[in-house]
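J.: what follows is a predicted structure for the sequence shown.
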Amino acid sequence: MANNLSSTSLIKPLVQGRPTEEDIPSGYGKTESYLLPKDPAWMFLFWEITQSTFDYLKSQYGDLLNTARTIIRLHDVTGVALFNGTNSVKYYDMPVILEAKSWYIHAPQSGRAYIADIGYLTEDGRFILVTRSNATAIPPGHISDVIDDKWMIVEGDFQKLLKLSGADYIGLGASELMQVVGQRWKLTELTQSGAPQSSWSSFALHLDKVQEDEDIWLNADCEIIIYGSASKNAIVSINGQEIELKDGKFTIHRHLSAGDVVDLPIHARNAKGDKTRRVDIKAVREPGK
Amino acid sequence: MGQEKGYLALVLHAHLPFIKHPEYPDFLEEDWFYEAMVETYIPLLSVFEKLTDEGCDFRLTMSLTPPLCNMMEDPLLIERFRRYLNQRVELSGKEIERTKNTEFESVARMYYDKFRRYQDLFENRYHGHVLQGFKKFQDMGKLEIITCCATHGYLPLMVHKESVNAQIKIAAHDYRSRFGKNPRGIWLAECAYNPGDDKFLREEGIRFFFTEAHGILHGTPRPKYGVYAPVYCPETGVAAFARDMESAQQVWSAESGYPGDHRYREFYRDLGYDCDYDYIKPYLHSDGVRRNIGMKYHKITGRVPLNQKQAYYPQEAREVAAQHAGNFMFNRQQQIKYLSTILDRKPLVVSMYDAELYGHWWYEGIDFLEFLFKKIYYDQDEIKLITPMEYLQMYPENQVVQPSMSSWGDKGYHDVWLNSGNDWIYRHLIKSAERMMELANRFPDAQGLLRRALNQLARELVLMQSSDWAFLMTTGTAKEYSTKRTKDHIKRFNELYEQIIHNRIDEGYVFNLEMRDSIFQQMDYRVYSTAEKEKVLAKY
């Protein structure tokens, strides 16, 4: 299409208007799963299971699946060179909703390597594998117990050094900084829309952390996830705000700041508007003390 | 080794995502680059020039990331920056007249003088190519320029090592083409380190990288010197230097950090809003909406509303910057003196910061650095500035420690780049990487249009992988733009992929993308082949 190479084709935007969810695929037509590390305690698993995989399983196992539970079987594969499905150090089962397509998994132990299998656990205890993830290792999250003979240091000195090295600040790394930067963009955006609202100096920040001191400090954060599904064509709203269903399902994530009290009534009504259903969810986060 | 008791390595990370929109006459987010040029990059060069003229020696380590280098050398962006700078010179010239005999006289004069000097450097000293300026100071041995992951890709969240290998290889190649030698160091994007990734660094001749404090503190075995000496990664011998938290907090603490001083310049009160509309309109974007234009006449003053901010006095602020530099140096002297009583070698304090925070965010940060360099050079002999390579040459023997997975983000790991607000991107990032590998393996030696298409496919992938998009989604700001950029690259990747596998490549489409997503002109898609990765892994 070399005849398109005019200077005007160069300046024509490739994408017209704002992109919508439909613009990128929701899946890639292949049954597979991936496991990512998040921190010493958490991992993120996402997957895609195609209809043909479901059809195949149905043809192989039939009704057995109807009474089976869907689970994630998390294998600890630390030190395992080649995992064959059974040679893990240990495994942990947790229930999962396959339609969720992704899940945050709490790691039973930090500093280990894991593989997540997704599958069915039948009533008689059999595990039917649907998809197996890659292996991922998560960090230890603490000072090592391993001492190097060649590089010995007096324990007292090591403790001093740790303190000097900022061991107390671990995890607070760039958080303040990030909030500063984040704040800046936020305010810039506000002013962009023509409504300058900043009445504070550049460094007025409200850090959501409990007072630190020498002996004890605590840093905790919270996010809530609300998910569910509703009948086809139902109109669902959370706290009065209509939400979009994808394949009849919804997920919302909300950050909960210190002192937040949230009330999240979930309403559904049918297309005609003559029938409704309601689920109430409330959450409270006390301020730090 | 001289009389000094220890060393300070100052490290600035200069980075912006690749933002270039030739399809529009002007584009809001491109301003990030122009602002950083006029507030951080050229002012830094100006300080280097001044120090050199005065015979004041200094040492600084700076990452200039590949996207930034690509933007600095992009003809269109250079032209647009030229326009941006000319406008500022013009406006600040008018402002001298307008503010005569008012309390804003001195600040208006300051802008005019600075813009003129930056324009002079940009046009007459560097002829539009600021990288030449940085390279000059590297060649003089004062500045160590290090590279970064190709597009600031977040390595620990890349499942396929082919992607990690490509991020490093593309970056190293880009560096060589600009600076004529191997990069000796790298700033891993967000200081995100994943054990084993050092193999890919070693392969490119990279000798060191940086981690957050706990990258080393949580390493195995226990690091004898804490963060005050580098460690070597097992098998590869690549050195890891960790961030000192004390000096980091000192500058950036929200409560006590220097930039909050009330005599410093207030960021949010800007001439773009303060001036008469008709007067300021020619300096706004073509949509005519009032926005920040980067000239600000007020000081922080205190916790008062924006309309009660007082006039800014450049001389007063500069004196504060000098005091803060003195205070920073004093604290490093005390810290290093104390550390030297515990360590059986001269300690090294590594202070790492985002470069753009100096000048762009903390306006007087540039003056602060200038004073700090001078004070360290002239006023004392207890501490000395050093680069990581100089330290390694001085102490070639270091403990072997496997650093821990870590990042410098909030909570110390991957939360900022992987959370409920942005986790949807990984399905696409990982799939695209897999498809890229598939095609690189399938076409070991493509030619002609197919080759161009494959190279462009690789560009779309690396642009999609910029950690900036996930970051901006998390901070909730510029969220729309970062979401759109991510989706655009996913869509372009998928479209191109389909064209390639179905053997119906549309040259017009490829050409269009080559013009827009023009990063890495010398891209070679074969870096994604599995054989390339295996070659590296087999060595170490």
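T.: Nice, thanks for sending it over.
J.: next, residue B:81: secondary structure please.
T.: Under DSSP: H, G, I helix; E, B strand; the rest coil, residue B:81 falls in the helix class.
J.: can you tell me which residue is spatially central in chain A?
T.: Closest to where the C-alpha atoms of chain A average out (CA atoms, centre = their mean) is residue A:104, at 4.9 Å.
J.: distance from stretch B:121-130 to the middle of the chain?
T.: Relative to its chain's centre, stretch B:121-130 lies at 20 Å (CA atoms, centre = their mean, to the nearest Å).
J.: cool, and stretch B:282-298?
T.: Going by CA atoms, centre = their mean, the spacing between the C-alpha centre of stretch B:282-298 and its chain's C-alpha centre is 25 Å.
J.: roughly how far apart are residue A:229 and residue B:449?
T.: 46 Å (CB to CB, to the nearest Å). From N, CA and C alone the C-beta is placed, and that goes for glycine too.
J.: ditto for residue B:134
T.: 36 Å.
J.: so those two - more neighbours on which side?
T.: residue B:134 (24 against 14; other CB atoms under 10 Å in any protein chain shown).
J.: need the three-state assignment for the more buried one.
T.: Classified using three-state DSSP, residue B:134 is helix.
J.: can you pull the pLDDT of it?
T.: For residue B:134, the pLDDT comes out at 98.
J.: try residue B:438
T.: In this prediction residue B:438 is given a pLDDT of 98.
J.: how far away is residue A:46 from chain B?
T.: According to CB to the nearest CB, to the nearest Å, residue A:46 stands 6 Å off from chain B.
J.: would you map the helices across chain A?
T.: Under the criterion DSSP state H, chain A contains helices at A:7-11, A:51-61, A:155-164, A:175-192.
J.: for the longest one, give the mean pLDDT please.
T.: Throughout helix A:175-192, pLDDT has a mean value of 39.
J.: same thing with stretch B:306-323?
T.: Averaged across stretch B:306-323, pLDDT comes to 97.
J.: specify the beta-bridge partners of the residue lying closest to residue B:400 once chain neighbours are set aside.
T.: Closest residue to residue B:400 apart from its sequence neighbours, by CB to CB, 6 or more residues apart in numbering or on different chains: residue B:232 at 4.9 Å. Beta-bridge partners recorded for residue B:232 (DSSP bridges): residue B:239, residue B:400.
J.: could you do residue B:11 as well?
T.: Going by DSSP bridges, residue B:11 forms beta bridges with residue B:61, residue B:352.
J.: that one touches residue B:349, doesn't it?
T.: No. Residue B:11 is beyond contact range of residue B:349, at 10.9 Å (criterion: CB atoms under 8 Å).
J.: buried ones in stretch B:75-86?
T.: B:77-78, B:80-81, B:84-85 (16 or more other CB atoms under 10 Å in any protein chain shown).
J.: kindly export it (C-alpha atoms) in PDB.
T.: C-alpha atoms of stretch B:75-86 as PDB (Å, rounded to 0.1, in the frame of the first residue of the first chain):
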ATOM      1  CA  PRO B  75      15.200  15.800  15.100                       C
ATOM      2  CA  LEU B  76      11.500  16.600  15.600                       C
ATOM      3  CA  LEU B  77      11.700  16.900  19.400                       C
ATOM      4  CA  ILE B  78      14.900  19.000  19.100                       C
ATOM      5  CA  GLU B  79      13.000  21.300  16.800                       C
ATOM      6  CA  ARG B  80      10.100  21.500  19.100                       C
ATOM      7  CA  PHE B  81      12.300  22.100  22.100                       C
ATOM      8  CA  ARG B  82      14.000  24.900  20.200                       C
ATOM      9  CA  ARG B  83      10.600  26.600  19.800                       C
ATOM     10  CA  TYR B  84       9.800  26.000  23.400                       C
ATOM     11  CA  LEU B  85      13.000  27.600  24.600                       C
ATOM     12  CA  ASN B  86      12.700  30.500  22.100                       C
END
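J.: pLDDT averaged over that stretch - what is it?
T.: For stretch B:75-86, the per-residue pLDDT averages 98.
J.: and chain A, is that stretch touching that?
T.: No. Applying CB under 8 Å from any CB of the partner chain, one finds stretch B:75-86 out of contact with chain A, separated by at least 11.3 Å.
J.: let me see the residues that make contact with that stretch.
T.: Contact with stretch B:75-86 is made by B:20, B:22, B:26, B:30-31, B:33-34, B:37-38, B:71-72, B:115, B:118-119, B:122-123, B:128-129, as judged by CB atoms under 8 Å, 6 or more residues apart in numbering or on different chains.
J.: dump stretch B:247-260 to CSV, keeping only the CA atoms.
T.: Taking C-alpha atoms only, stretch B:247-260 is exported to CSV below (Å, rounded to 0.1, in the frame of the first residue of the first chain):
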residue,chain,number,x,y,z
SER,B,247,21.0,10.7,52.8
ALA,B,248,17.9,9.8,50.9
GLN,B,249,15.6,10.7,53.7
GLN,B,250,17.5,13.9,54.4
VAL,B,251,16.6,15.3,51.0
TRP,B,252,13.2,13.8,50.4
SER,B,253,11.6,13.5,53.8
ALA,B,254,8.2,15.1,53.6
GLU,B,255,8.6,16.6,57.0
SER,B,256,12.2,17.7,57.2
GLY,B,257,13.5,17.5,53.6
TYR,B,258,15.3,20.5,52.2
PRO,B,259,12.9,21.2,49.3
GLY,B,260,10.1,22.2,51.6
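J.: in the chain, where is pLDDT below threshold?
T.: Just so you know, I chose chain A. Low-confidence segments of chain A (pLDDT under 70): A:1-22, A:170-214, A:217, A:219-221, A:223, A:247, A:253-255, A:257-259, A:287-289.
J.: wrong one, I was asking about chain B
T.: In the predicted model, chain B carries pLDDT under 70 at residues B:1, B:254-255.
J.: could you give the separation of whatever helix or strand residue B:452 lives in from the chain centroid?
T.: Element membership for residue B:452 (DSSP states H and E) is helix B:448-464. In terms of CA atoms, centre = their mean, the centre of helix B:448-464 is set 25 Å apart from its chain centre.
J.: list the buried residues in it.
T.: B:450, B:452-464.
J.: from these, which is closest to chain A?
T.: residue B:464 (10.7 Å; CB to the nearest CB).
J.: number of nearby residues for the residue in chain B positioned nearest to chain A?
T.: The nearest approach of chain B to chain A comes at residue B:245, 2.7 Å away (CB to the nearest CB). Neighbourhood size, residue B:245 [other CB under 10 Å]: 23.
J.: hmm, back to that, wait, the residue nearest to residue B:400 sits on residue B:238?
T.: Yes. If you go by CB under 8 Å, residue B:232 and residue B:238 touch, sitting 7.0 Å apart.
J.: tell me which of the two has more neighbours.
T.: residue B:238 (24 against 21).
J.: ok, for the more buried one, nearest residue in space, not its chain neighbours?
T.: residue B:198 (4.2 Å).
J.: relative to residue B:244, how far out is the closest residue to chain B within the stretch 151-289 of chain A?
T.: Closest to chain B within the stretch 151-289 of chain A is residue A:166: 2.7 Å, counting by CB to the nearest CB. Distance from residue A:166 to residue B:244, counting by CB to CB: 7 Å.
J.: what residues are shared contacts of those two?
T.: Taking CB under 8 Å, 6+ apart as the criterion, residue A:166 and residue B:244 both touch B:213, B:227.
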